[in-house]
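[1] The following block contains a protein sequence and its predicted model.
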Amino acid sequence: MKRILILVLSLSIAVAWNTCSDEPFCDRIRNEGVISPLFLDKDSINSDLSSVEAILTNAAGDINFTLSISATENDIFRITIDSESKPRYRVSQALKSEPTLLPITATIDADELQVVSGENLLLLDYATLKISIYKEDKLILIINDQGKIAFNEEEEDQSIAMDFTFLGAVTAYGIPEHAERLSLQSTGPGGLSPYRLYNADYPGYPIGTQEALYGTIPVLYGHGVNGTSGIFWLNAAQSFVDIARTDNSVQSLFISESGIIDIFVLPGPTFQSAVKQYISLTGTTPLPQYYTLGHHQSRWSYVTQEEAETVVKEFDNYDLPLDVIWLDIDYTNGFRYFTWNYTAFPDPTGLQEFIDSTGRKVVLIIDPHFKVDNEYFVWVTATENNYFVKNPNGTDYQASCWPDLSSWIDYLNKDAADYYASLYGMDKFTDVTDIVQFWNDMNEPAVFDVFEKTFPRDLVHYGGVIHRDVHNIYGLSQTVATYHGLLARYNYNKRPFVLTRSHFAGTQRYSAIWTGDNLASWEHLRISFPMCLTQAISGISYCGADVGGFSGQVTEELFQRWYQAGAWLPFYRAHSDQYTERREPYLFSEEVLNRIRNAIRQRYTYLPMWYTLFFEHERYEEPVITPLSYRYPSDRNTLDMDDQWLIGRDVLVHPVAEEGATEVQVYMPGGSTELWYDIENSRLYLGHGFFKVSVTMDSIPVYYRGGSILIKKEISRPSSSFMHDDPYTIYIFLDTNNQATGTLYIDDNESFDYRSGEYNYYRLEYNDSSLTISVIDEDASYELGLFKIQRIWIYRPPTNYKEAVVDGDARHAVSYEHDNFYLKIENVNINVKGSTTISFM
């Protein structure tokens, strides 16, 4: 969000930070080429029904390590190595729960160990410690193929390493967060630096580098047209990842500064199954409140109550849909979080009541640094109870951040985390109503005036844990505490909304993310697409980028294109820093304003789709947005494609992200039996290649898959809170067999009652001249959930229909448009309560 040093021109480009060559532990492992410094004691192998254990020794034979192999649900092997005498920190926060172990069959042969679980086979060669993974009798992955395994036990070097070879892979995906394309670049000694995983505040980050950003998710997929496999490297320390593509494989080397070797093998065999195997470990995003999928307006900062109220009024005056106004750090009393600046915001409750009256919500920022101040209740209580992160000498760590001298809560201390969570309570944070949710920023954690702007690695956490071992989960730990604080604040019934900048594997269970402090540039617009796509296949679907770019002056063309593109990412927020010119949409010309208004309105018509997709994400563990290669994995043309993507299964979007563009090249996947509909221009495409498409400033290319049914709400409203009872329009896009299917999910939009069966979930199927609507979960019911159908559109319909008949009774006229490209039925006006059939005659 904010900058440490910002000049008048609002340039916030940080200098490059450490690479592997700057870190002795990484440089040594990467370049020395040490071959298997660990050795297995065959006589130590023992197994039971669920795991195998063995003792490894170092080259000197004086240090033992425990190797453990097990199989978990969803066809996953888990392999761990830890010191026997000095067990190290194990990361547990990332996993949704400790995985359930499955039965295995272990065979101890003369030269190798065989472990079988279902259709998966693991072979461990005693002499080389090479581990081969087979899926359905096919060799898919070799662990320690290059002999780079390392587990150092020197006082000054606790580093670990392991290499992986993905057989049949031609590209690699994953390991966010980097300002990088979907398909990762090859690195290697003598070439590019390895990808760094080290959560850090990196404003104005450069594009296409391996430098670390705000989050770390150490999952890597090796993908080829014949299959996909992956690994999840569960480690929270600073790490580096090398990628090398060969003719028939992808090789990777993971190096971590400390911690244990903890590997989950994701055998696939498809891209979809590998991603879902990973998500089964770390969890899904709980269904967000409906309004959070709408349009958010933020700035650093709206510095007074009057200014915030004016922004909301102007959105109404200019008929711009808006769901949330965000207040940055200046609402606080001198950057003391959980307080108000009553000079600038004299009546916070009145402000919230006004915003509530317009159908909108508020998000407040809470950063993790707390001002050193003997009169600040948070600092006093945390100090008295030893809740802060410590220096090596046992004193509280203090350094500079927004409030100047600050300390940071130690979330590994459960009492400290519980205290922090309690601060969100109505009794602690006063003058905050129930329309407020929260935003955790600067939680890498960001620290001013120190190298790389974060904690020194020798700081000490509760239980004697060295910060080096847990750096990448600090932000996650804060987010978890925030989430639990909001659960308690709202009596465990209202779904919390949290946005976090720093993140780790598992963050999706608690929070949305965004791509951090980007720039108002075309390059940053373009890179936001693969950044969020990579997050989605790495578990975090709820991702967006600051619309317009956080820093720098945005051009009118870029601003319009960003609003149009951002509407097709799950999180949709405009945000900018205090050194940019004000850029609320109503400040622009009528022509620009109209285009932005149309982009936002379009987003709102699709809210039923987004909401249904997030429900299905939680239930089925499918990402909400995906690269084309996820759905069309055997299509070589999709492997490196990240300038267009899919929302769910059925909507393909290709934003316009080049300055002055009058055409874009769109790829239609799926082959000659896949149809893609352009409803703006009444055109139909077959899924077999690239097409040049003309574009204007008024819209971007969006296509709908034949065989899908899309359900929208098309009445323009000031915010989503006014849309709950609005009628639906059904769009039916027939496939080559004249069939189509779709789903719709409805509940109260805000509570956890859906987990108790208070929802309606419908399947819509068009087949044989009829549209059948049926209830998917018959035991579930939400009586207030209206499914009122206002109109129906059928694309590429049979041309002989005269009327539509609802349940054999009510009759409605049909009309054909655009040379029979589509058929429409107006004023259907039916309320679906159970199974319904609409026949076309």
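    All right, it came through fine. Numbers count the residues shown, from 1 in each chain.
[2] give me the element Gln560 is part of.
    Using DSSP states H and E, Gln560 sits in helix 556-566.
[3] Ok, Ile773 next?
    Short version, using DSSP H and E: Ile773 is in strand 770-775.
[4] which helices and strands does that strand pack with?
    strand 760-767, strand 836-840 (3 or more Cβ pairs under 8 Å, 6 or more residues apart in numbering; DSSP states H and E). Any C-beta I mention is one placed from the backbone N, CA and C, and that applies to glycine too.
[5] got the buried residues for stretch 85-97?
    88-89, 91, 93-95 (16 or more other Cβ atoms under 10 Å).
[6] and Asp125, which of the helices and strands packed on strand 770-775 is closest to it?
    strand 760-767 (49.7 Å; Cβ to Cβ).
[7] Give me the contacts around the strand holding Ile773.
    730, 732, 760-766, 787, 792, 832, 834-840 (Cβ atoms under 8 Å, 6 or more residues apart in numbering).
[8] Tell me which residues touch the residue nearest to Arg796 when sequence neighbours are not counted, please.
    Nearest non-adjacent residue to Arg796, counting by Cβ to Cβ, 6 or more residues apart in numbering: Leu734, 5.0 Å away. Leu734 sits next to 675, 706-707, 740, 766, 794-797 when contact means Cβ under 8 Å, 6+ apart.
[9] Quickly name whichever of those is closest to Ala599.
    Of the contacts of Leu734, the one sitting nearest to Ala599 (Cβ to Cβ) turns out to be Tyr795, at 22.9 Å.
[10] What about that closest one, how many residues nearby?
    Using other Cβ atoms under 10 Å, Tyr795 is surrounded by 22 other residues.
[11] Now render the contacts of Leu734 as CSV, adding pLDDT and secondary structure.
    CSV is the format used below for the contacts of Leu734 (pLDDT from 0 to 100; DSSP: H, G, I helix; E, B strand; the rest coil):
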residue, pLDDT, secondary structure
Leu675, 98, strand
Gly706, 98, coil
Gly707, 98, coil
Ala740, 98, strand
Tyr766, 98, strand
Ile794, 98, strand
Tyr795, 98, strand
Arg796, 97, coil
Pro797, 96, coil
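[12] Using a markdown table, please lay out those together with distance to Gln560.
    Below are these laid out as a markdown table (distance: Cβ to Cβ, whole Å):
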| residue | distance to Gln560 |
| --- | --- |
| Leu675 | 30 |
| Gly706 | 30 |
| Gly707 | 32 |
| Ala740 | 33 |
| Tyr766 | 36 |
| Ile794 | 32 |
| Tyr795 | 28 |
| Arg796 | 32 |
| Pro797 | 34 |
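[13] which phi and psi does the closest residue to Trp514 other than its chain neighbours have?
    The shortest distance from Trp514 to any residue other than its chain neighbours is 5.2 Å, reached at Gly544 (Cβ to Cβ, 6+ apart). Per-residue torsions, Gly544: phi -160, psi 180 (degrees, to the nearest 10).
[14] so Gly544 touches Leu569, yeah?
    Yes: in terms of Cβ atoms under 8 Å, Gly544 counts as a neighbour of Leu569; the distance is 4.6 Å.
[15] before we move on, the earlier item: in contact with the residue nearest to Trp514, which residues?
    512, 514-515, 528, 532, 566, 569-573.
[16] how close does it sit to Asp441?
    Distance, Gly544 to Asp441, by Cβ to Cβ, to the nearest Å: 15 Å.
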